[in-house]
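Peer 1: Structure for the following, please:
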Amino acid sequence: MSKLYFYLILILILSIVSCTDNDLQPDYKFVPTDVIIKTKGYFTIDKVFEFINEFGHDVEYVHNGIYNSDLPSDSLEYVLNYINSKPYTNSDGWHASGYVHYLTNRITVFPRLFDIKNSGYQEDWLHTMDVLKLIEKTDAEVSGYVIYFHVPEGHEKEWVEKFKKYDFVEWAELNYILEVELN
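Peer 2: The predicted structure is shown next:
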């Protein structure tokens, strides 16, 4: 009888040890085609554009960029109006926001760039940065761009793994659907 217990325990231990990380993780549902990545802070917007242009994937939007303007602090409204007049900076009620920092008196803005796979929009954004004297903030703890890709359906997990291999990618993940139960 003791040999039977020994073999059962051995089988149990071997089955646990042979599991991969993926076997131990729950199989959450995710939105088909959605893969979201975040770049490291030093990775500037021109490099983001080069990166997304390497692939045939649609890009719903790029966000999390932080920009300071060297224009006078009383130009905040002008800067925001200029940015929000672009067809690629507002969608579904989303508009760029910003403020004047109380200590530095510098304008800081937070645009979201929609449909930015469009090379004309990319060129226009780089031109807009020049016009508005926008400087990317690459040294903040939260610096780095979040890119919302649409990849071929059924290949989302493969693309997450491909994106993770780039040195400048901080993280890559699926767009998980989690159910919330309210009691």
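Peer 1: how long is stretch 149-166 end to end?
Peer 2: End-to-end distance for stretch 149-166, by C-alpha to C-alpha, to the nearest Å: 15 Å.
Peer 1: State the mean pLDDT of it.
Peer 2: Taken as a whole, stretch 149-166 has an average pLDDT of 96.
Peer 1: again with stretch 90-100
Peer 2: Mean per-residue pLDDT for stretch 90-100: 91.
Peer 1: what comes up buried for that stretch?
Peer 2: N90, A96, G98 (16 or more other C-beta atoms under 10 Å). Quick note: C-beta positions are derived from backbone N, CA and C, even for glycine.
Peer 1: show me where the chain has strands.
Peer 2: Using DSSP state E, the strands found in the chain span residues 29-39, 58-63, 67-69, 97-100, 107-110, 113-114, 134-136, 146-150, 169-177.
Peer 1: in this protein, which segments are predicted with low confidence?
Peer 2: The chain contains residues with pLDDT under 70 at 1-26.
Peer 1: At the geometric centre of it, which residue sits there?
Peer 2: With distances taken as C-alpha atoms, centre = their mean, V146 lies nearest the centre of the chain, 1.8 Å away.
Peer 1: How many residues are close by the residue nearest to it when sequence neighbours are not counted?
Peer 2: Residue nearest to V146 in three dimensions, not counting chain neighbours: N64, with 4.4 Å by C-beta to C-beta, 6 or more residues apart in numbering. N64 has 16 neighbouring residues, counting by other C-beta atoms under 10 Å.
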